[in-house]
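Peer 1: here are the coordinates; sequence isn't available:
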Ligand SMILES: NC(=O)C1=CN([C@@H]2O[C@H](COP(=O)(O)OP(=O)(O)OC[C@H]3O[C@@H](n4cnc5c(N)ncnc54)[C@H](OP(=O)(O)O)[C@@H]3O)[C@@H](O)[C@H]2O)C=CC1
Ligand SMILES: O=C(CO)COP(=O)(O)O
């Protein structure tokens, strides 16, 4: 592939890792952050691919700043954020697509703990779009012998896999922090996946997408690694810390905390049954202790494994 001009927005842990992957493949990469020396306009000039790795709280603002600048009609927008907008409940790709209705938008998501990727350990990810040529271009930009990139045609499913697993990762951290054992963890992750499918289907995602890298794959990574910030939130709360104390010591963003609030709103309105998310929400709000949350989940009415 000819070298592409790639603008990466957000120079946090994930933006910087993705910038390194594209640069290592010989692409012209410019990295923007609000604290950096380059202006957004300069970084976007001639960009063929614009990738946002901004935390959820900044996505709408940055998308509207980009909208006010010139973008070539063929520019592809890529979003790597794993969250939901609290005001609109939109996913990041919906925000980018609304800002750029005539452009291809690609979602990049997978089991990608940035610390491991920075160490050049092998990993795989998914790029998904309704425009196949756009996801194929992004696949070429990032693929390498240490980073295997798959395409997928279900962007909402891929995006929600990465977003919803953050809440289950918080619960997994609690599970490990309370030393509940391997059986409990397996049950939690599996029932968490069922909950993700239920929510995802409401959003129009395909069930099978959640059994791939961006769903089950990312669940396995973040529910089993202390490198996951979301896992750390649950783990430290199970050790007796408050949410405020936990977040104060956390390196970077744990999107699951805000995602949980948004999901509770959506689930209430749409009557979607999300018991694990509800207990994580109550724990984060200080309404239950980790042990009470566990008891509430274990004492729910008995039921068939699949009730849809
Ligand atoms: N780290 C990881 O392993 C992975 C992270 N992700 C996802 O990528 C996203 C970013 O994560 P990560 O890089 O780890 O987080 P960091 O906290 O390390 O970085 C967040 C980035 O977003 C920027 N940002 C935040 N708010 C605003 C705003 N209002 N305006 C402009 N920029 C803003 C920050 O800028 P500033 O530095 O100026 O505050 C920073 O560049 C998250 O949604 C996360 O879930 C996805 C896969 C892997
Ligand atoms: O999404 C991630 C890995 O795929 C990163 O997880 P955390 O945001 O929990 O650190």
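Peer 2: Looks like it arrived, so ask away. Given the structure is predicted, the values throughout are model-derived calculations rather than measurements. Ligands and ions are numbered 1, 2, ... in the order given.
Peer 1: in the stretch 201-308 of the chain, mark out all the strands, start to finish.
Peer 2: With DSSP state E, counting those that start in this stretch, there are no strands along the stretch 201-308 of the chain.
Peer 1: near ligand 1, which residues of it are found?
Peer 2: Residues of the stretch 201-308 of the chain lying close to ligand 1 (Cβ under 6 Å from any ligand atom) are 252, 253, 255. C-beta here means a position set from N, CA and C on the backbone, and glycine is covered the same way.
Peer 1: among these, the buried ones, what's the ChimeraX command?
Peer 2: Typed into ChimeraX, the line below selects the buried ones among those, using 16 or more other Cβ atoms under 10 Å:
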select :253,255
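Peer 1: the residues of the stretch 201-308 of the chain next to ligand 1 into TSV, with extra columns for pLDDT?
Peer 2: Shown next, in TSV, are these (pLDDT from 0 to 100):
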residue	pLDDT
252	88
253	90
255	98
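Peer 1: for whichever residue of the stretch 101-250 of the chain sits closest to ligand 1, what are its contacts?
Peer 2: Using Cβ to the nearest ligand atom, the closest approach of the stretch 101-250 of the chain to ligand 1 is made by residue 114 at 3.4 Å. By Cβ atoms under 8 Å, 6 or more residues apart in numbering, the contact set of residue 114 is 13, 14, 16, 17.
Peer 1: try 7 Å this time
Peer 2: Taking Cβ atoms under 7 Å, 6 or more residues apart in numbering as the contact definition, residue 114 lies against 13, 14, 17.
Peer 1: and residue 10, what is it in contact with?
Peer 2: 33, 52, 53, 54.
Peer 1: so how far is residue 85 from the second one?
Peer 2: Read that as residue 52. According to Cβ to Cβ, to the nearest Å, residue 52 and residue 85 sit 13 Å apart.
Peer 1: same check, this time on residue 148
Peer 2: 30 Å.
Peer 1: so between the two, which is more surrounded?
Peer 2: residue 85 (18 against 15; other Cβ atoms under 10 Å).
Peer 1: re the thing from before, state the pair within the contacts of residue 10 that is farthest apart.
Peer 2: 33 and 52 (11.5 Å; Cβ to Cβ).
Peer 1: so who does residue 233 touch?
Peer 2: For residue 233, counting by Cβ under 7 Å, 6+ apart, the contacting residues are 170, 173, 246, 250, 254, 256, 257.
Peer 1: do you know how far it is from residue 248?
Peer 2: On the measure of Cβ to Cβ, residue 233 and residue 248 end up 12 Å apart.
Peer 1: which residues does residue 86 contact?
Peer 2: Residue 86 sits next to 258, 261, 262 when contact means Cβ under 7 Å, 6+ apart.
Peer 1: what subset of the residues you listed is buried?
Peer 2: Those of those that meet the buried threshold are 258, 262, by 16+ other Cβ under 10 Å.
Peer 1: and of the contacts of residue 86, the nearest to ligand 2?
Peer 2: Among the contacts of residue 86, residue 258 lies closest to ligand 2 (Cβ to the nearest ligand atom), at 11.8 Å.
Peer 1: contact partners for that closest one?
Peer 2: Contacts of residue 258 (Cβ under 7 Å, 6+ apart): 56, 83, 86.
Peer 1: pLDDT at it, what is it?
Peer 2: pLDDT for residue 258: 98.
Peer 1: okay, now residue 13: neighbour count?
Peer 2: The burial count assigned to residue 13 is 18, neighbours taken as other Cβ under 10 Å.
Peer 1: how close does the nearest residue to it once chain neighbours are set aside sit to residue 11?
Peer 2: Closest residue to residue 13 apart from its sequence neighbours, by Cβ to Cβ, 6 or more residues apart in numbering: residue 114 at 4.2 Å. Residue 114 sits at a distance of 12 Å from residue 11 (criterion: Cβ to Cβ).
Peer 1: hang on, the earlier thing: could the contacts of residue 258 go into CSV alongside distance to residue 138?
Peer 2: Converted to CSV, the contacts of residue 258 look like this (distance: Cβ to Cβ, whole Å):
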residue, distance to residue 138
56, 21
83, 20
86, 28
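Peer 1: show me which of those neighbour ligand 1.
Peer 2: Answer for the contacts of residue 258 near ligand 1 (Cβ under 6 Å from any ligand atom): 56, 83.
Peer 1: possible to save the contacts of residue 258 as JSON lines with distance to ligand 2?
Peer 2: Compiled in JSON lines, these are given as follows (distance: Cβ to the nearest ligand atom, whole Å):
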{"residue": "56", "distance to ligand 2": "11"}
{"residue": "83", "distance to ligand 2": "10"}
{"residue": "86", "distance to ligand 2": "17"}
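Peer 1: out of the contacts of residue 258, which sit inside helices?
Peer 2: Per DSSP state H, helices hold the following members of the contacts of residue 258: residue 56.
Peer 1: for the contacts of residue 258, which one is nearest residue 186?
Peer 2: Out of the contacts of residue 258, the member with the shortest distance to residue 186 (by Cβ to Cβ) is residue 83, at 26.7 Å.
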